[in-house]
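1. sharing a model that was predicted from the sequence below.
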Amino acid sequence: MSAVADAAVVAGLDAWRELPRRHQPTWPDADAVGRVSGELASLPPLVFAGEADVLTAHLGAAGRGEAFLLQGGDCAETFAEATADNIRNKIKTILQMAVVLTYGGSLPVIKMGRMAGQYAKPRSSDDETRDGVTLPAYRGDAVNAYAFTPAERVPDPRRLVEAYHRSAATLNLIRAFTTGGFADLRRVHEWNRGFTANPAYARYEEVAGDIDRAMRFMAACGADFDALRTVEFFASHEALLLDYERPLTRIDSRTGTPYDCSAHFLWIGERTRQIDGAHVDFLSRVRNPVGVKLGPTTTADDALALMDRLNPNDVPGRLTFITRMGASRIRDTLPPLLEKVTASGRPVTWVSDPMHGNTITSASGFKTRRFDDVLDEVRGFFEAHRSVGSVPGGLHVELTGDDVTEVLGGSEAIDDDGLARRYETLVDPRLNHQQSLEMAFLVAEMIRGS
Ligand code: PEP
Ligand code: CO
């Protein structure tokens, strides 16, 4: 018999409508949003509740130091770039990083994309002015287009439906890549894309060679594991647009409880984590594993209040705190949070986002980050956890599988002038393929504690 949700539970899913909510588009036509909502509510879920529960259990393990989360992808996906090549390159990059972390860190790695739904962005200003012309800011492809014309910048709720279909197509290809043979560990060499002369690629070839030998050894012993042929891969995005998340929320027939079926894992951004705000209320009512980004002004009381609201039953893996303090501040701001949360004895999974606290403008005018700052924040994250005795549970990075030039540094030493060569992001700068791999080797060393 399928469970039926309590009427009060269903009604609660709309409580956010009466609460202050930040960073929502000003849709020009409320009726059109209502029609889109109805349409989204009639479309199939993108993920299943059971998959979200599996992820909760894995994240619980990461919170205890028995696994490590690798979450990566674009700052903002775009409809135009949801192509087979781009998706494959991102998957390859994440799989390669995961191999390096699994092998180097001797821990199971939970693989998660900022993919298949990362189409909405909070912006520091509602408007953008260019040459005296002011238009609504670009808020991600689920809201408006990037082109700077009045028609393109008007928020259009039909884009929510397109975001759903692009997410469905992306997730379908992700599922094919990760279960259809491509992710088979016996193809570990084939995921390497670059010139092996590059130190990161050469080092990867060594790891791949070791894994090959281990696999041949196991095969010779007669061992053969399904786990080596397929990979579990989870989808995640910032749950920013409640007009999108609400209609994709469904009542699980097994338990009668709501799950937001737009992705396995949803997070609340640093700008929308107000304790009495719409986003915290909405995500408090769905059963997926959820994350909250915590910036440098977060107090321990903020963290404890978020735990009360989002994980009152202390389910391990239900709540992840993704800290993004900035390299220069993390060693001061993180330990007090860790101490108080740890003293509460309640479960939280701690993940480092070393990207968002380290954004600068280059001399040449590009929004960028220094690879060294990004790494230093991860190092500070590990140091803080080691000093308090809490568990560093994962890494959240903005990356792409392509050879873009958006982040300064790395072994190919991208400098200020180099940024212009291939700067493609519409919002935040991403690690390129080589920088991502390099990062994985360095983080594997941090996991080992060397
Ligand atoms: C993001 O993850 O792209 C983002 C906007 O992060 P934050 O909410 O931490 O600023
Ligand atoms: Co970003």
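-> Done, it's in. The structure presented is a predicted model; accordingly, all values stated were derived computationally and were not measured. Ligands and ions are numbered 1, 2, ... in the order given.

2. taking the stretch 51-200 of the chain, what residue is nearest to ligand 2?
-> When scored by C-beta to the ion, the stretch 51-200 of the chain has residue 75 as its residue closest to ligand 2, at 3.3 Å. In short, each C-beta sits where N, CA and C put it, glycine included.

3. skipping its backbone neighbours, what lies nearest that residue in space?
-> Closest residue in space to residue 75, ignoring its immediate chain neighbours: residue 428 at 3.6 Å, by C-beta to C-beta, 6 or more residues apart in numbering.

4. check the secondary structure at the one you found for me.
-> Reduced to three states with DSSP: H, G, I helix; E, B strand; the rest coil, the structure at residue 428 is coil.

5. how near is residue 283 to residue 238?
-> Taking C-beta to C-beta, to the nearest Å as the measure, residue 283 falls 11 Å from residue 238.

6. now the common contact residues for these two.
-> Common neighbours of residue 283 and residue 238 (criterion: C-beta atoms under 8 Å, 6 or more residues apart in numbering): 266, 268.

7. list of residues touching stretch 145-160?
-> Outside stretch 145-160, the residues that touch it by C-beta under 8 Å, 6+ apart are 25-29, 32-33, 35-36, 40, 78, 128, 130, 133, 135-139, 141-144, 241, 243-244, 426.

8. I'd assumed residue 59 was in contact with residue 315.
-> No - with contacts defined as C-beta atoms under 8 Å, residue 315 does not count as touching residue 59, sitting 10.0 Å away.

9. what number of residues lie near residue 415?
-> 13 (other C-beta atoms under 10 Å).

10. give the contact list for the closest residue to it other than its chain neighbours.
-> Distances taken as C-beta to C-beta, 6+ apart put residue 408 closest to residue 415, at 6.7 Å, once the chain neighbours are dropped. Residue 408 is in contact with 362, 368, 369, 370, 371, 414, 415, 416, 419, counting by C-beta under 8 Å, 6+ apart.

11. can you flag which of these belong to strands?
-> Residues of the contacts of residue 408 located in strands (DSSP state E): residue 368.

12. which PyMOL command selects the buried ones in the contacts of residue 408?
-> Isolation of the buried members of the contacts of residue 408 (16 or more other C-beta atoms under 10 Å) is achieved in PyMOL through the command below:
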select buried, resi 362+368+369+370+371+414+419
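
13. let's have the contacts of residue 408 in JSON lines, adding pLDDT.
-> Conversion of the contacts of residue 408 to JSON lines gives the following (pLDDT from 0 to 100):
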{"residue": "362", "pLDDT": "94"}
{"residue": "368", "pLDDT": "97"}
{"residue": "369", "pLDDT": "97"}
{"residue": "370", "pLDDT": "97"}
{"residue": "371", "pLDDT": "97"}
{"residue": "414", "pLDDT": "94"}
{"residue": "415", "pLDDT": "94"}
{"residue": "416", "pLDDT": "94"}
{"residue": "419", "pLDDT": "96"}
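
14. now do residue 127, the pLDDT please.
-> Per-residue confidence (pLDDT) for residue 127: 96.

15. correct me, but it touches residue 139?
-> No - with contact taken as C-beta under 8 Å, residue 127 and residue 139 are classed as non-touching, separated by 11.2 Å.

16. now residue 183: closest residue in space that isn't a chain neighbour?
-> Ranked by C-beta to C-beta, 6+ apart and with sequence neighbours excluded, the top spatial neighbour of residue 183 is residue 231, at 4.1 Å.
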